[in-house]
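1. Any chance you can model this:
(one chain, ligands or ions: 1)
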Amino acid sequence: MYTLEDLNKDKLPKHVAIIMDGNGRWAKERGKLRVFGHENGAEAVRRTVDSCVKLEIPFLTLYAFSTENWNRPKMEVDTLMKLLVTALKKELQNLQEKNIRLKAIGKIDSLPKKVYKELTEVISKTEKNTGMTVTLALSYGSREEIKTAVQEIAVKVKNNIISPENIDEDVINTHLYAHFLPDVDLLIRTSGECRISNFLLWQIAYAELYFIDVFWPDFNEQHLVEAILSYQNRERRFGKTSEQLN
Ligand code: FPP
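-> Numbers count the residues shown, from 1 in each chain. Just a heads-up that it's a prediction; the model follows:
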């Protein structure tokens, strides 16, 4: 059994991103509706945020709803949206007490009005908080994010605001939804699937990937510690050799 104390505090990931997968299968195993899995998944979100606060991890990004998730049965989409509104209402005080800034990435204007309103309200109320930044990826797809950035840059080129030679990585980054986030250091996916599923493709260029065979509603502090320990035991070379790093 590992605890938070086992981690090297000088080598913590600055940005942890999580693909929270397996809510449906977790519920099915218990003979319940998928929605029950999402409700318990929301509890796992709360626990994970609390653990990251204790560890003082500056950035946590959660894949809560992808552009592809709109294709799920209407009842499931509606329930997920309701769950979001409830969670946002319920968590505001907790976010304030823990000095957490809430942000969102994705096509958030495509969310139902109620969700959009609650989300933007919590974002603006927590805007000045200086602790951890929790970012929800909502109606998010990485290719869509990149496509939108390319369109915005193309318009600027057309209007002579920027010249093609000056389009560098920083320019591209500033046009992404996630422009306020540093690169991902550690990407965790639960449920045993080893896929990225269109999540933060630009930002994970040098991320360490960690796949764990546990459904999201069961994910706890112990699992998070194990993921970070694995991260701390890896050598991040960013294209250099081991000798160069030493
Ligand atoms: C993946 O499990 C999970 C989702 C698509 C939704 C994630 C939502 C939550 C964790 C709850 C609400 C979130 C917040 C931020 C309060 P799945 O349904 O794809 O599971 P399956 O692969 O087993 O079907």
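2. from here on, contacts and neighbour counts on C-alpha atoms
-> Fine.
3. now the strands for this structure?
-> Applying DSSP state E to the chain gives strands spanning 15-19, 59-66, 101-105, 133-140, 186-190, 208-212.
4. With distance to Lys74 as extra columns, can I get those strands in CSV?
-> Formatted as CSV, the strands of the chain follow (distance: least, CA to CA, whole Å):
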stretch, distance to Lys74
strand 15-19, 22
strand 59-66, 14
strand 101-105, 22
strand 133-140, 15
strand 186-190, 24
strand 208-212, 29
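5. any chance of those strands in CSV, plus mean neighbour count and mean pLDDT?
-> Formatted as CSV, those follow (neighbours: other CA atoms under 10 Å; pLDDT from 0 to 100):
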stretch, mean neighbour count, mean pLDDT
strand 15-19, 23, 98
strand 59-66, 22, 98
strand 101-105, 22, 98
strand 133-140, 23, 98
strand 186-190, 23, 98
strand 208-212, 19, 98
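6. Out of the ones you listed, which is closest to the ligand?
-> strand 59-66 (4.2 Å; CA to the nearest ligand atom).
7. Who are the packing partners of that closest one?
-> strand 15-19, strand 133-140 (3 or more CA pairs under 8 Å, 6 or more residues apart in numbering; DSSP states H and E).
8. With distance to the ligand added, can I get those strands in a markdown table?
-> Formatted as a markdown table, the helices and strands packed on strand 59-66 follow (distance: least, CA to the nearest ligand atom, whole Å):
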| stretch | distance to the ligand |
| --- | --- |
| strand 15-19 | 8 |
| strand 133-140 | 6 |
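9. distance from the centroid: which residue in this structure tops it?
-> Ranking residues of the chain by C-alpha distance from their mean position (CA atoms, centre = their mean) puts Asn160 at the top, at 34.6 Å.
10. separation between that one and Asn246?
-> For Asn160, the distance to Asn246 (CA to CA, to the nearest Å) stands at 45 Å.
11. Also Gly37?
-> Distance, Gly37 to Asn246, using CA to CA: 46 Å.
12. Ok, Asp213 next?
-> Taking CA to CA, one finds Asp213 at 34 Å from Asn246.
13. Just want to know which of those two has more residues nearby.
-> Ranked by neighbour count (other CA atoms under 10 Å), Asp213 and Asn246 place Asp213 first, with 13 against 5.
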